[in-house]
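# Predicted structure and sequence below. I'll ask about it afterward.
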Amino acid sequence: MGQYKIYIVVARKIFFTVSVLLVISFVSCSREVDPPAPVMPVPSPRQLAWQHLEFYAFTHFTVNTFTDKEWGYGDESPKVFNPSDLDCGQWARVIKAAGMKGIIVTAKHHDGFCLWPSKYTEHSVKNSPWKDGKGDVLKDLSEACKAEGLKFGVYLSPWDRNSALYGTPEYITYYRNQLKEILSNYGPVFEVWFDGANGGTGYYGGAREKRTIDRKTYYDWPDTRKIVRELQPDAVMFSDAGPDVRWVGNERGIAGETNWSMINKDEFAPGVAKTDVLNHGLENGRDWVPAECDVSIRPGWFYHKSQDDKVKSVNQLVDIYMKSIGRNGSFLLNVPPDRTGRINEHDVQRLKEFRKALDEIFARNLAAGKRVSADSWRGKSDTYAPANLTDGKEDTYWCNDDDVKQGVLTIDLDKRQEVNLVLLQEYIPLGQRVKKFRVEVLADGNWQEVASGTTIGYKRILHFTPVRTDKIRITIEDARACPLINNVEIYKAPEKYFEL
């Protein structure tokens, strides 16, 4: 019996020890792990909302459409503006069908002609034969956007080659009055576009001369921008200097392979820009000002019949998509209405073909719901586990401990299959971090590098030569702080769309 008592005592001690270890393990696994601190700067709510739009339209439309010019001089008669069948509903339907999320219209281009009946000038639709001077393009378009669930944006050129006031202090009051008109009378505005073309030759009320201004100080931008903040607090403002969204530095729609969302915006002003910095951003920039990539579907920004056979090809548009949205930018595609006031049939057809191509490229995410392993993750907490990369949720992410700036992530596709496209996303509400990464596939028992890059940001898309594999490995080689990746997608896209 004594021997049995010893066994019982030993068993009780073992049971107690195991129980304690299990409790400790449970507490350790279930304990709260603090999220990483933001790496400044970070995007504002309006900037995050804008970034999620990704793809939206520009529409250049004014007297230039009827004079066959790109830049009007300012001496055009309002009577030349006379579209025979203007249909903003058609614009909105075409843009929506193409997968774009909004429309920014040239409410006033450099020629000074206003697409709304501004009470501050005679150079507007109110003196055109269109609708006997009773028309309002902004009203028609804002209502069409609302009907189709699209965002509505406005472009108001700071330069006005028609106004006799341009170049004087009085013009600033004039410009701000027009800004107030378009921001007060047409519902919510998602983006206000300030062009960088400022000053030069013009009609200027009959003066016909060259007028120069100090682009940094003339418009008193801090006070001018306050009008936007007061009347449309959710709108982002675009210019070379932001303050919310920056020009990408070219009109080809192409962001740099390295593209940080940060610059020092006090070093810029509309029309005063370092294009290399705009294209690549600054790793240690003080301000979050992401890049917008603008380009026209045609060689020109306004409609010209002579360019009907020069509409960009599907593959050219796919290439721009990959080098704008796929490089941490947004894609602003200009689709100009023709003289009827409708988007031309050539452009409509190309947009349909482009939409079909995108649908085929991103038809099936091979990584959705697949198993992911990592060499480490933050506190071994489920909150930051690698499974977050393929759960389809925007607000979950994998990350490492604060002092770890690298990481290895492996996605198991379950079976060998052909792949040629990888999409990566950082969790940017806590800042942009990744500085260098590579993508490898397991082929014939060996890891083979298929792509590499520097920045990721909101979205990075990499196309590579098709390869058969069942595992893909993503290695974060360097980062500004512990990397935060919230999405990985893998595709087999039709190669025909990548041939230029």
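Yes, it's here. Remember, it's a predicted structure, so these values are computed and weren't measured experimentally.

# So which helix or strand of this structure has the lowest pLDDT on average?
Here the helix or strand of the chain ranked lowest by mean pLDDT, DSSP states H and E is helix 2-30, holding a mean of 46.

# what about the stretch 151-300 of the chain, any weak spots by pLDDT?
Applying pLDDT under 70 to the stretch 151-300 of the chain picks out no residues at all.

# which residue sits closest to the residue minimising distance to the centre of the chain, ignoring its sequence neighbours?
Centroid check for the chain by C-alpha atoms, centre = their mean gives residue 330 as the closest residue, at 2.2 Å. Take residue 330 and drop its neighbours on the chain: the residue closest to it by C-beta to C-beta, 6 or more residues apart in numbering is residue 292, 5.0 Å away. Bear in mind the C-beta positions are built from the backbone N, C-alpha and C, glycine included.

# and the gap between the one you found and residue 182?
According to C-beta to C-beta, to the nearest Å, residue 292 and residue 182 sit 20 Å apart.

# can I assume the residue nearest to the centre of the chain is in contact with residue 52?
No - in this structure, residue 330 is not within contact of residue 52 by C-beta atoms under 8 Å, at 9.6 Å.

# three-state assignment of residue 321?
Counting by DSSP: H, G, I helix; E, B strand; the rest coil, the backbone at residue 321 sits in helix.

# Show the contacting residues for it.
Contacts for residue 321 were tallied using C-beta atoms under 8 Å, 6 or more residues apart in numbering; they are 55, 331, 358.

# The last one: which element?
Read it as residue 358. Using DSSP states H and E, residue 358 sits within helix 345-361.

# Direction included, what does the helix or strand following that helix pair up with?
Later in the chain than helix 345-361, the nearest helix or strand by DSSP H and E is strand 371-374. Its sheet considered, strand 371-374 pairs with strand 407-426 (antiparallel) by DSSP bridges.

# For the following helix or strand past the partner strand, enumerate the helices and strands it packs against.
For strand 407-426, the succeeding helix or strand toward the C-terminus, using DSSP H and E, is strand 434-443. Secondary-structure packing of strand 434-443 (3 or more C-beta pairs under 8 Å, 6 or more residues apart in numbering; DSSP states H and E): strand 407-426, strand 446-453, strand 460-479.

# try 6 Å
Applying 3 or more C-beta pairs under 6 Å, 6 or more residues apart in numbering; DSSP states H and E, we find strand 434-443 packed against strand 446-453, strand 460-479.

# Next, the angle from that strand to strand 460-479.
Interaxial angle, strand 434-443 versus strand 460-479 (axes from the mean of the first three to the mean of the last three C-alpha atoms, to 10 degrees): 110 degrees.

# Give me the contacts around strand 434-443.
Strand 434-443 is contacted by residues 422, 447-454, 456, 467, 469, 471-479, 483 when judged by C-beta atoms under 6 Å, 6 or more residues apart in numbering.

# Buried subset of these, written for ChimeraX?
In ChimeraX, this line selects whichever of the contacts of strand 434-443 come out buried by 16 or more other C-beta atoms under 10 Å:
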select :422,450,451,453,454,456,467,469,471,472,473,474,475,476,477,479,483
